[in-house]
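Enquirer: Return a 3D structure for these sequence lines:
(chains A and B)
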Amino acid sequence: MSTASVPLPNWIAYGVIPLLNLLVAFLISGFVVWLIGENPLDALVLLLQGALGSGRGIGFTLFHATSFIFTGLSVAIAIHAGLFNIGSEGQAYIGGLGAALVALALDHYVPWYVTMPFAVIGAAVFGAAWAFIPAWLQAKRGSHVVITTIMFNFIAAALMVYLLVHVLIVPGKMAPETRTFLPGGQLPTLEWVMNLFGSKLEDAPLNVSFLIALVMAFLVWVLIWRTRLGYEMRTLGVSPTAAVYAGIPYARTVIVAMLLSGGLAGMMALNPVMGASARLQVEFVGGAGFVGIAVSLMGRNHPLGIVLAAILFGILYQGGAELSFDMPNITRDMIVVIQGLVILFAGALEYMFRPAFVRIYQTFAKV
Amino acid sequence: MDYFDILISVLGSTIRLSIPLIFTALAGLFSERAGIFDIGLEGKMLVSAFASACIAYLTGSPWIGLAGGIATSVAFSLIHGFASITCRGNQIVSGVAINFFVAGITIVLGQAWFGQGGRTPQLDASGRFSPIVLPGADAMRGVPVIGPIYADVISGNNILTYLAFAAVPISWWILYRTRFGLRLRAVGENPGAVDTAGISVSWLRYRAVICAGILCGFSGTYLAIAQSASFIQNMSAGKGYIALAALIFAKWKPVPVMFACLLFGFLDAFSNFMQGKSVPFVGEVPVQIFQALPYILTCILLAGFIGVANPPKAGGVPYTKER
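Expert: Next up is the predicted model:
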């Protein structure tokens, strides 16, 4: 008989199976490391030391995690409404334009804490605007949001290269980037938090946007599970026909969910653009939008899970960078391999072990 | 350079740039007409490029390289099939996962095996598919108009180019004139009906993704050992997604797929040609416009402003036999 409809207790469905999936992903990653002639356990130790062994390492880990929290929340909020937003990458890219324009406009006149709220709004509005057309096409014309958001990633990339090469570039410079923001357009580091723990950040760019990300994670939790809009989105995600029958407006909910998703993706830009490099550069997103997919899947689309998964990916990114110094055979691209495996096992193959667990569970539950 | 020479050179590079798109879009056609969305076209193309370059380097034979590229690509198709058919997982997530895994593993293995920063070693002429000069190409060159077109556009391509154009009618014939094709299209529209007729939905869909794997194997091999002489990291550079766009632009039909790929290939060739040139009254046209144009056109099409693009009805939905 089919095992798909047999219910499993929560601790198996949401605890054991996801952990087992992750474990398999990491075992295969270890196998790849072994295949290229390195010791996987040594690699793991080096990775953890690089990511968590110093204040600087932790700072970089949390810096990467900040971006992934934003993009993970972006993907998750769309998934709750039954939409798959692959466009977080492009929305974050355009969000960077919003943040940079605010920073360029205000940094001469006001301190950072005045710039910050406007930059948050600017990044979110630009990111949301980039999500609006795919959202509208999905809601009104039935064009598949997956396809349109992929297309919009490429359009965003072309647009931003054009703007940086022809419009925003500093006259006389070769590098396609804006001028460096003054301190009024930068987000300060969280040095003081590190000092509380008696540690030093050194050159790690962990900044205030980490706190913004945590606030956003909380707000997303409130939105999804404690508001009417969140309820409507979840209903739509579970069954669009039931949602429409219950009087939930389909088009409006789809568009609002995608705007929120795009806005969160856009805010990701605060971290690299205003927190780290203090200028808008080509390809500053660097795949964080796609990592968001892995983070969201791994965190089971729950804000708490997303924060934890984002930190895990932060560890992988920072630890992987350090690891590639010690083991030159393992390039930074190893992270991309792990990411792919996590998406495969935690996402696409999430039901692989389920039939086996159902059988085991039924054998024991009968007693 | 007079306009005719320019046209010939742009057409020639249009052909070269369209070939990987045609193979890949046809791969997507088989998969998606059977109801399996395939975002992983890009990854399969890249992994077969890597595999074919490695194997052609080790054996010195492009044909064994091609076989290796196809085998690797089919293996990844089967992973996608296992996730989306047997495990009823999310097909888009599975495709995204394959793209990531491949983007990383090709560089990691390439670096570990060859130590050239993710490249594979340069192949000499015997390890690649070289251009074929069709009979009479040189004799025809003197003939006005037709001569240069025959000599520089039609002749002088490698065997895979001609195979790509042959693959279009073959795919059409398989999909529209064979029992397998009829069932494949049916399983993408209404798998329940196919199941009721006593035909295995899973096996049919597995065969469809294997077809997709074979075609992606051709496109990756073309990139690595026909168009270039080695694998370069991320050498597919979004072509898998352009092919996906072309597939949608062609409304999931084989012959229009070829024209859509030629159009997108032409845009690519034209943007390369326009780089740094200025147009009267307009000035220099940014190349980014041409780069974005395939995606913009596809979105406009999807919006229903140029006809209607109806995807296969059961696309993306895992088939559950019973509850």
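Enquirer: Any chance you could list what contacts the helix or strand containing residue A:19?
Expert: Assessed by DSSP states H and E, residue A:19 sits inside helix A:17-35. Applying Cβ atoms under 8 Å, 6 or more residues apart in numbering or on different chains, the external contacts of helix A:17-35 come out as A:8, A:39-40, A:43-44, A:298, A:300, A:330, A:334, A:337-338, A:341-342, A:344-346, A:349-350, A:352-354, A:357, B:105, B:108-109, B:112. Using the backbone N, CA and C atoms, a C-beta is placed for each residue, glycine as well.
Enquirer: mind running it again at 6 Å?
Expert: A:40, A:43, A:337, A:338, A:341, A:342, A:345, A:346, A:353 (Cβ atoms under 6 Å, 6 or more residues apart in numbering or on different chains).
Enquirer: Contacts only, for the second one.
Expert: Translated: residue A:43. Per Cβ under 6 Å, 6+ apart, neighbours of residue A:43: residue A:33.
Enquirer: Could I get the average pLDDT for the helix or strand encompassing it?
Expert: Applying DSSP H and E as the criterion places residue A:43 in helix A:40-52. Computed over helix A:40-52, the mean pLDDT rounds to 90.
Enquirer: Next, the angle helix A:40-52 makes with the helix or strand just after it.
Expert: Using DSSP H and E, the helix or strand that follows helix A:40-52 in sequence is helix A:55-80. Interaxial angle of helix A:55-80 relative to helix A:40-52 (axes from the mean of the first three to the mean of the last three Cα atoms, to 10 degrees): 90 degrees.
Enquirer: From the contact counts, what lies against helix A:55-80?
Expert: helix A:40-52, helix A:88-106, helix A:209-226, helix A:228-238, helix A:250-267, helix A:288-298, helix A:303-326 (3 or more Cβ pairs under 6 Å, 6 or more residues apart in numbering or on different chains; DSSP states H and E).
Enquirer: which residues are in contact with the fourth one?
Expert: This points to helix A:228-238. Residues contacting helix A:228-238 (Cβ under 6 Å, 6+ apart): A:80, A:81, A:82, A:223, A:224, A:243, A:248, A:253, A:257.
Enquirer: ok, the first one - contacts?
Expert: By Cβ under 6 Å, 6+ apart, the residues touching residue A:80 are A:224, A:233, A:234, A:237.
Enquirer: In contact with the first one, which residues?
Expert: Residues near residue A:224 by Cβ under 6 Å, 6+ apart: A:80, A:230.
Enquirer: ok, residue A:284 touching residue A:272?
Expert: Yes. The criterion here is Cβ atoms under 6 Å, and residue A:284 meets it with residue A:272 at 4.9 Å.
Enquirer: Contact residues of chain B facing chain A?
Expert: Proximity of chain B to chain A, by Cβ under 6 Å from any Cβ of the partner chain, involves residues B:83, B:87, B:89-90, B:92-94, B:96-97, B:100-101, B:103-105, B:107-108, B:111-112, B:241, B:286, B:288, B:291-292, B:295, B:298-299, B:302-304, B:322-323.
Enquirer: Quick check: PyMOL command selecting the buried ones in those.
Expert: Listed next is the PyMOL selection for buried residues among the residues of chain B next to chain A, using 16 or more other Cβ atoms under 10 Å in any protein chain shown:
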select buried, chain B and resi 83+87+89+90+92+93+94+96+97+100+101+103+104+105+107+108+111+112+241+286+288+291+292+295+298+299+302+303
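Enquirer: Residue A:284 and residue A:272: which is more packed in?
Expert: When residue A:284 and residue A:272 are compared for neighbours, residue A:272 comes out ahead with 27 against 23, by other Cβ atoms under 10 Å in any protein chain shown.
Enquirer: tell me the SS of residue B:311?
Expert: coil (DSSP: H, G, I helix; E, B strand; the rest coil).
Enquirer: Phi, psi for it please.
Expert: phi -70, psi 160 (degrees, to the nearest 10).
Enquirer: And residue B:99, by the same measure?
Expert: According to degrees, to the nearest 10, residue B:99 has phi -60, psi -40.
Enquirer: same check, this time on residue A:302
Expert: The phi/psi pair for residue A:302 (degrees, to the nearest 10) is phi -110, psi 140.
Enquirer: Please apply the same query to residue A:207.
Expert: Here is the backbone geometry of residue A:207 (degrees, to the nearest 10): phi -140, psi -180.
Enquirer: mind listing the strands for the stretch 201-323 of chain B?
Expert: Along the stretch 201-323 of chain B, the segments classed as strands by DSSP state E, counting those that start in this stretch run B:278-279, B:283-284.
Enquirer: Take those strands and lay them out in CSV including mean pLDDT and mean neighbour count.
Expert: What follows is the strands of the stretch 201-323 of chain B, written out as CSV (pLDDT from 0 to 100; neighbours: other Cβ atoms under 10 Å in any protein chain shown):
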stretch, mean pLDDT, mean neighbour count
strand B:278-279, 72, 10
strand B:283-284, 70, 10
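Enquirer: Show me which residues of chain A sit near chain B.
Expert: So chain A meets chain B at A:2, A:5, A:36, A:84, A:137, A:141, A:143, A:146, A:148, A:150-151, A:154-155, A:158, A:161-162, A:293, A:329, A:331, A:333-334, A:336-337, A:339-340, A:343-344, A:347-349, A:351-352 (Cβ under 6 Å from any Cβ).
Enquirer: ChimeraX command to pick out the buried ones of these?
Expert: Of these, the buried ones go into a single ChimeraX selection, burial set by 16+ other Cβ under 10 Å:
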select /A:36,84,137,143,146,148,150,151,154,155,158,161,162,293,329,331,333,334,336,337,339,340,343,344,347,348,349,351,352
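Enquirer: Select the longest helix from chain B.
Expert: What stands out as the longest helix in chain B, according to DSSP state H, is helix B:3-33.
Enquirer: Could you point out the helix or strand that follows that one?
Expert: With elements assigned by DSSP H and E, the helix or strand that comes after helix B:3-33 is helix B:41-59.
Enquirer: Run through the neighbouring helices and strands of that next one.
Expert: Applying 3+ Cβ pairs under 6 Å, 6+ apart, one finds that helix B:41-59 contacts helix B:3-33, helix B:62-81, helix B:91-114, helix B:201-221, helix B:239-249.
Enquirer: Show me what the mean pLDDT comes to for the shortest one.
Expert: Think helix B:239-249. When pLDDT is averaged over helix B:239-249, the result is 88.
Enquirer: Repeat that for the second one.
Expert: The average pLDDT for helix B:62-81 rounds to 95.
Enquirer: how many neighbours does residue 260 have?
Expert: Looking at chain A here, since you left the chain open. Around residue A:260 there are 25 residues (other Cβ under 10 Å).
Enquirer: you looked at the wrong chain, it should be chain B
Expert: 28.
Enquirer: quick one: contacts for it?
Expert: Residue B:260 makes contacts with B:246, B:249, B:250, as judged by Cβ under 6 Å, 6+ apart.
Enquirer: Roughly how far does the second one sit from residue B:243?
Expert: In this structure, residue B:249 and residue B:243 are separated by 10 Å, where distance is defined by Cβ to Cβ, to the nearest Å.
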